[in-house]
Structure formats: structure tokens, C-alpha cells
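Visitor: need a 3D model of the following:
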Amino acid sequence: MRLHKAGPFQLRRFWAFFYGTGTACVKRILAQLPKMSALPDNTAPADAAEPLKKKRRETVSKPRAPARPYRRLDGAVLESRLKELNKKLAVMRSKVVLLEDRLEGHDNEATLREAETA
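Guide: Model prediction:
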């Protein structure tokens, strides 16, 4: 008999066979078995539905050091990259200035057109 898929009837037969087949023995065993019910057990507290929160550590550790992704770069490579990035940043700043000038011209044209139609 496979017990891992056995229902309550098979379990009671197993216990009766294992502990004896006498009527008194069977009644005693059946009385010790938990009562089976088709209704769900509503005795669980209402808090059981909520997941348990993890406790925070009581000891405070010191903060982690900042990451250094370029730590293993050679000094010469790091210097050349710094020069390249500074040059690119200067170019981008000059492009921003040119775009701001162009935007200002477009804004002036839009306000002049609104003044003509009004």
C-alpha cells in the first residue's frame, strides 16, 4: 500500500492492521486520528495571510566604499581618456550654445508671427 497518496480510509486500515485487528484496538486508533472535515479550517489568525517581514539587522555596518571601475587602467590610458572626454565635453557645450541661439531665433520668429496675426 502506498501511504504517500493514501486517503483517511487507507490510513485507518493501515493503523488497524499494524496495531492489531481487534475491535477495541481499532476504536482506540480511530479515536486518536484527527477528525477529517470537508470544511476549511478557519481557526488560523487573520495575520497569517500577510507575508512575514524580515527583521532588520540590529548591528549597523559601516557604509560600502564607492565603486572604482577604472582602478586597473594604466595611468597613460587613463590620462588619454580624460583628455578625450574633456575635449568631447567642450564640443558638446559649444553645440548647446549654438542650439540655444538657434532656438532663440525661432522663438523670436514665432512671437513676431503671433503679433502680426493679432
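Visitor: which helix of this protein spans the most residues?
Guide: If you go by DSSP state H, the chain has its longest helix at helix 75-117.
Visitor: and that helix, what's its mean pLDDT?
Guide: Average pLDDT, helix 75-117: 97.
Visitor: which elements pack onto it?
Guide: Contact partners of helix 75-117 among helices and strands, from 3 or more Cβ pairs under 8 Å, 6 or more residues apart in numbering; DSSP states H and E: none. Yep, even glycine has a C-beta here, placed from its N, CA and C like the rest.
Visitor: and Arg93, how many neighbours?
Guide: By the criterion of other Cβ atoms under 10 Å, Arg93 has 10 neighbours.
Visitor: could you break this protein into its assigned domains?
Guide: Structural domains assigned to the chain are 1-36, 73-118, following automatic domain parsing.
Visitor: ok, Leu78 - contacts?
Guide: The contact partners of Leu78, by Cβ atoms under 8 Å, 6 or more residues apart in numbering, come to Tyr70.
Visitor: quick one: it from Glu100, how far?
Guide: The spacing between Leu78 and Glu100, counted by Cβ to Cβ, to the nearest Å, is 33 Å.
Visitor: helix or strand for Pro63, which one?
Guide: Here Pro63, judged by DSSP states H and E, is contained in no helix and no strand.
Visitor: ok, the one 3 residues further on next?
Guide: Mapping Pro66 onto the secondary structure by DSSP H and E places it in no helix or strand at all.
Visitor: for Arg68, give me its contacts.
Guide: Contacts of Arg68 (Cβ under 8 Å, 6+ apart): none.
Visitor: report pLDDT for it.
Guide: pLDDT recorded at Arg68 is 95.
Visitor: in three-state terms, how would it be classified?
Guide: Secondary structure for Arg68, judged by DSSP: H, G, I helix; E, B strand; the rest coil, is coil.
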